[in-house]
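Participant: based on what follows, work out the 3D shape:
(one chain, ligands or ions: 1)
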Amino acid sequence: MLFDSHAHIDNVRFDEDRDQVIKRALENGVEGIINAGACMTSSASSIQLAEQYPCVYAAVGVHPHDVKDIKAGDYEQLAEWTKHPKVVAIGEIGLDYYYNLSPRETQQQAFIAQIDVARQTNMPIIIQDRDAHGDILQIIKKEAKGIRGVFHCYSGSMEMMREVVNLGFYVAFGGSVTFKNAAKLPAIAAAVPLERLLLETDCPYLTPEPKRGRRNEPSYVKFVAEYIASIRQLEFAVLAEATTNNVKNLFGLD
Ligand code: NI
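Facilitator: Okay, here's the model as predicted:
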């Protein structure tokens, strides 16, 4: 069985056929989906979806794009939401220096504040790192001691991957590892210790080959699994079982 450790099925692009998308995921061997929050509204939607679908779990958090809109009381609300039995993480949180939709200082402050929420609530974190490797590592080392988490849609170097693993974090790969311009990413995905590897889609974005160009969905995590199994020269079933167990270990699922 597979597990999509990072999806956005609350996205409007699923409004027409969300039930079918979930059904297709289950039919394709996906036993669970973690829906990542990106703002306060989508975090609330994440919880609603987790209540509606047994296979869906929720993460709540504010993406670096949206931290400029954080209001008084939002961090307390995130902490309150973690009491829900199907909320399993704070995320996605981090730094995005590619788009810089929020000022960098605001991103850093909000990242640290949400790591704090994770500490108070004993939740793992789901980290978004886009073109911010140095600052992410610095903040993680200083502010996230003892906190579990995953680098979602990993995009750093081989050296950084080893450092991240040494710090106790998991490393997740999605469709971008299958792209023709993936550069060193496949080699890094092949080198992550199996007990620290997660699979994801980040749907509706980053659709893996051979579906690239279409809307992504959780059932397509099998293409990521097939690709990584091939580059690691592992049987599909072995990779699927290991990565699914990793999700359950990291997020404390039964
Ligand atoms: Ni995402």
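Participant: show me which residues of the stretch 151-254 of the chain sit near the ion.
Facilitator: When proximity is defined as C-beta under 5 Å from the ion, the stretch 151-254 of the chain approaches the ion at residue 202. Just so you know, the C-beta spots here come from the backbone N, C-alpha and C atoms, and that holds for glycine as well.
Participant: just the strands in the stretch 151-254 of the chain please.
Facilitator: In the stretch 151-254 of the chain, the strands defined using DSSP state E, counting those that start in this stretch lie at 170-173, 197-199.
Participant: contacts for the last one?
Facilitator: Translated: strand 197-199. Outside strand 197-199, the residues that touch it by C-beta atoms under 8 Å, 6 or more residues apart in numbering are 2-5, 150, 170-174, 189, 221, 224-225, 228, 242-243, 246-247, 250.
Participant: same thing with stretch 36-48?
Facilitator: Contacts with stretch 36-48, where a contact means C-beta under 8 Å, 6+ apart, come from 6-8, 10, 35, 58-63, 65-66, 69, 74, 77-78, 81, 84, 86-87, 89, 91-92, 126, 152.
Participant: if we use 6 Å, what do you get?
Facilitator: Outside stretch 36-48, the residues that touch it by C-beta atoms under 6 Å, 6 or more residues apart in numbering are 6, 10, 35, 58-63, 66, 74, 84, 91-92, 126.
Participant: just the ones in helices from those residues, please.
Facilitator: residue 74 (DSSP state H).
Participant: can you check which strand is longest in the chain?
Facilitator: The single longest strand within the chain, with elements called by DSSP state E, is strand 87-96.
Participant: which helix or strand lies directly C-terminal to it?
Facilitator: Downstream of strand 87-96, the next assigned helix or strand under DSSP states H and E is helix 104-121.
Participant: CA atoms only: put stretch 238-254 into CSV for me.
Facilitator: The C-alpha coordinates for stretch 238-254 follow below in CSV (Å, rounded to 0.1, in the frame of the first residue of the first chain):
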residue,chain,number,x,y,z
VAL,A,238,9.2,-3.2,-0.7
LEU,A,239,9.4,0.6,-1.4
ALA,A,240,5.7,1.0,-0.9
GLU,A,241,5.6,-0.8,2.4
ALA,A,242,8.7,1.0,3.8
THR,A,243,7.5,4.5,2.8
THR,A,244,4.0,3.9,4.1
ASN,A,245,5.5,2.7,7.4
ASN,A,246,7.6,5.8,7.5
VAL,A,247,4.5,8.1,7.2
LYS,A,248,2.9,6.2,10.0
ASN,A,249,5.9,6.5,12.2
LEU,A,250,6.5,10.1,11.6
PHE,A,251,2.9,11.2,12.0
GLY,A,252,1.9,8.7,14.7
LEU,A,253,-0.8,7.0,12.7
ASP,A,254,-2.1,3.5,13.7
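Participant: which parts of it are buried?
Facilitator: Using 16 or more other C-beta atoms under 10 Å as the test for burial, stretch 238-254 gives 239-240, 242-244, 246-247, 250-251, 253.
Participant: now do stretch 214-225
Facilitator: Buried, per 16+ other C-beta under 10 Å, within stretch 214-225: 216-225.
Participant: sorry, back to before: make CSV out of the strands of the stretch 151-254 of the chain and add mean neighbour count.
Facilitator: Shown next, in CSV, are the strands of the stretch 151-254 of the chain (neighbours: other C-beta atoms under 10 Å):
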stretch, mean neighbour count
strand 170-173, 27
strand 197-199, 26
